[in-house]
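>>> I'll drop the sequence and a predicted model, then ask my questions.
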Amino acid sequence: MLEERTLDFIKKQILDLNDFSYKLEDDGEYIYIIFSEALGKDIEKEFTFKLIDETLFMHTTSYGWKPVEKGAANKYFWIELLK
């Protein structure tokens, strides 16, 4: 369930955009999405995802844990990815 919801979130974010490369790692408790390319630029960005009370949360070093399926919380994904 965690992997499915994480991939749904990522795919919704980059649905109509090209030039994204990432890999997924699953350690059983967390899902790690590691981007190597975003909008045609080589990058190294890692995002950690987990479920807390059935809500998908994303962790970044800049913002800590943020729910990403509610409101405009996906802005943290984009700010972190593009900085």
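Noted; the coordinates are in hand.

>>> helices along this structure, start to end?
For the chain, the helices defined by DSSP state H cover 2-13, 75-82.

>>> now do the last one, average pLDDT.
Right, helix 75-82. What helix 75-82 shows for mean pLDDT is 90.

>>> now stretch 40-49
Mean per-residue pLDDT for stretch 40-49: 93.

>>> try stretch 23-36
Here the average pLDDT along stretch 23-36 is 95.

>>> okay, the longest strand seen in the chain in PDB with CA atoms only?
For the chain, the longest strand by residue count, based on DSSP state E, is strand 41-52. Extracted as PDB, the C-alpha positions of strand 41-52 are listed here (Å, rounded to 0.1, in the frame of the first residue of the first chain):
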ATOM      1  CA  LYS A  41      19.100  18.300 -15.400                       C
ATOM      2  CA  ASP A  42      21.300  15.800 -13.500                       C
ATOM      3  CA  ILE A  43      20.500  16.000  -9.800                       C
ATOM      4  CA  GLU A  44      20.800  13.900  -6.700                       C
ATOM      5  CA  LYS A  45      17.700  14.200  -4.500                       C
ATOM      6  CA  GLU A  46      16.200  11.700  -2.100                       C
ATOM      7  CA  PHE A  47      12.700  11.700  -0.700                       C
ATOM      8  CA  THR A  48      11.500   9.400   2.000                       C
ATOM      9  CA  PHE A  49       7.800   8.400   2.300                       C
ATOM     10  CA  LYS A  50       5.800   6.700   5.000                       C
ATOM     11  CA  LEU A  51       2.200   6.300   6.100                       C
ATOM     12  CA  ILE A  52       1.200   7.900   9.400                       C
END
